[in-house]
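Visitor: Kindly return the folded structure for what I paste below:
(one chain, ligands or ions: 2)
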Amino acid sequence: MLVTLEGLDGSGKTTVWEALRDVHPDATFTTEPTSGETGSWYGEAVYRSIQDEDADPLAELFLYTADHADHLTRVIEPALERGDLVISDRYSDSRYAYQGATLAEDGRITRPLEYVVGIHSAFSIEPDLTIYLDIDPETAAARAGATNKFERAEYLSRVRDNYERLIERDPDRFVRIDATQSPEVVLERVEDALENRIDARYED
Ligand SMILES: Nc1ncnc2c1ncn2[C@@H]1O[C@H](COP(=O)(O)OP(=O)(O)OP(=O)(O)O)[C@@H](O)[C@H]1O
Ligand SMILES: Cc1cn([C@H]2C[C@H](O)[C@@H](COP(=O)(O)O)O2)c(=O)[nH]c1=O
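Guide: Ligands and ions are numbered 1, 2, ... in the order given. Here you go, the predicted model:
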C-alpha cells in the first residue's frame, strides 16, 4: 500500500513522516526529491536545481520526473512487491502542484497542470492514500523559513490552488487535515486516516 504526504512547504509533512516511523517500524519510508537512505544522484541534481534561482522550469520538471522514475523502479516498486507499507514524504502530486504553478508563470506550456499529470500517466503508480496537510501560504512560508525560491507566500498560494484542483478531481484518494492544529493533533488525525484506509483495504 502506497501512502503519500503532501502539502505546502512548512505544512509539517516531515514532522509527521518522522513520527510515523515509530508507529510503523516495518514500513518503507522514503521521500521525493529522493535523499538520505533512499537517495540517488538524481535527487542530488534536483536539490541543485532548487538552489538555482534561474533554473529553467521545464528542465526542472524533467529533473524531478527523472528522480521519480528512478525512485519508482529502485525503491517503491520493490517495496510494494514485498508487500510493504510505503510512506513517501512528497510524491507526484508535488510535481503537479509545484511545477504546474511554475510552468503557468513560464508561459510556454498551455494547461501546465494537465501537461505534468500527462507525463506521469504512462509510467507512474497512483497512491492508495494521500494525506494533504492543509495550511495557508503565509503560515507555510513563515514555518519553512523562506530558504529557497519555492518558499514564498505568493507562489505557495498558486501551488495551493493546484492542490485544490487535484483534490477536486480525486476526492477519494485525498484526506485533508488541518495542519494549523498542534503537531500532536495533526499526527493523531494522520494515524486515524491511515488506520481507516488500512482497515478498508482488508475488508475488500
Ligand atoms: N503542527 C505544527 N504546528 C506548528 N509548527 C509545526 C507543526 N508541524 C511542524 N511544525 C514546524 O514547522 C516547521 C516545518 O515543519 P516540517 O519540516 O515538518 O514541514 P515540511 O512540510 O516537511 O516542510 P518542507 O516541505 O519545507 O520540507 C518545523 O520547524 C516544524 O517544527
Ligand atoms: C517532490 C517535489 C518537490 N518540489 C519542491 C517542494 C520543496 O520546496 C522542494 C523540496 O522539497 P522538501 O520537501 O522541502 O525537501 O521541492 C517540487 O517543486 N516538485 C516536486 O515534485
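
Visitor: near ligand 2, which residues of the protein show up?
Guide: Asp9, Glu32, Pro33, Ile50, Tyr64, Arg90, Ser94, Arg95, Tyr98, Gln99, Asn148, Phe150 (CB under 6 Å from any ligand atom). (Each C-beta comes from the backbone N, C-alpha and C, glycine too.)

Visitor: Give me the residues contacting whichever strand or helix holds the fifth one.
Guide: Secondary structure assignment for Tyr64, by DSSP states H and E: helix 57-71. Contacts to helix 57-71, defined as CB atoms under 8 Å, 6 or more residues apart in numbering, come from residues 30, 32-34, 38, 40, 42-43, 45-46, 49, 91-92, 94-95, 99, 102-103, 105-106, 108-109, 116, 119-120, 123-124.

Visitor: same question, stretch 142-157
Guide: Residues contacting stretch 142-157 (CB under 8 Å, 6+ apart): 8-12, 50-51, 53, 98, 101, 135, 137-138, 140-141, 159.

Visitor: in this protein, which spans are helices?
Guide: Per DSSP state H, the chain carries helices over the ranges 13-23, 41-50, 57-71, 77-81, 92-94, 100-106, 112-121, 137-144, 153-169, 183-203.

Visitor: Find me the pLDDT at the most centrally placed residue in the chain, would you?
Guide: Nearest residue to the geometric centre of the chain (CA atoms, centre = their mean): Arg90, 2.2 Å. We have a pLDDT of 98 for Arg90.

Visitor: With Ile125 as the reference, measure out to it.
Guide: Noted for Arg90: a distance of 15 Å to Ile125, by CB to CB, to the nearest Å.

Visitor: Next: Asp172.
Guide: Distance of Asp172 to Ile125, computed by CB to CB: 16 Å.

Visitor: Repeat that for Ala140.
Guide: For Ala140, the distance to Ile125 equals 27 Å [CB to CB].

Visitor: Kindly report the same for Thr139.
Guide: 31 Å.

Visitor: Tell me where the model's unsure across this structure.
Guide: Along the chain, the parts satisfying pLDDT under 70 run over 204.

Visitor: Can you tell me which residues in this structure are near ligand 1?
Guide: Taking CB under 6 Å from any ligand atom as the criterion, the neighbours of ligand 1 within the chain are 7, 9-15, 143-144, 179, 182-183, 186.

Visitor: Can you flag the buried ones in those?
Guide: Applying 16 or more other CB atoms under 10 Å to those, the neighbour count classes Gly7, Asp9, Gly10, Ser11, Gly12, Lys13, Thr15, Arg143, Ala144, Ala179, Val186 as buried.

Visitor: need the contact list for the fourth one.
Guide: Ser11 makes contacts with Leu133, Asp134, Ile135, Ala140, Arg143, Ala179, as judged by CB under 8 Å, 6+ apart.

Visitor: can we see that at 10 Å?
Guide: 5, 132-136, 139-140, 143-144, 156, 160, 177, 179-180, 186 (CB atoms under 10 Å, 6 or more residues apart in numbering).
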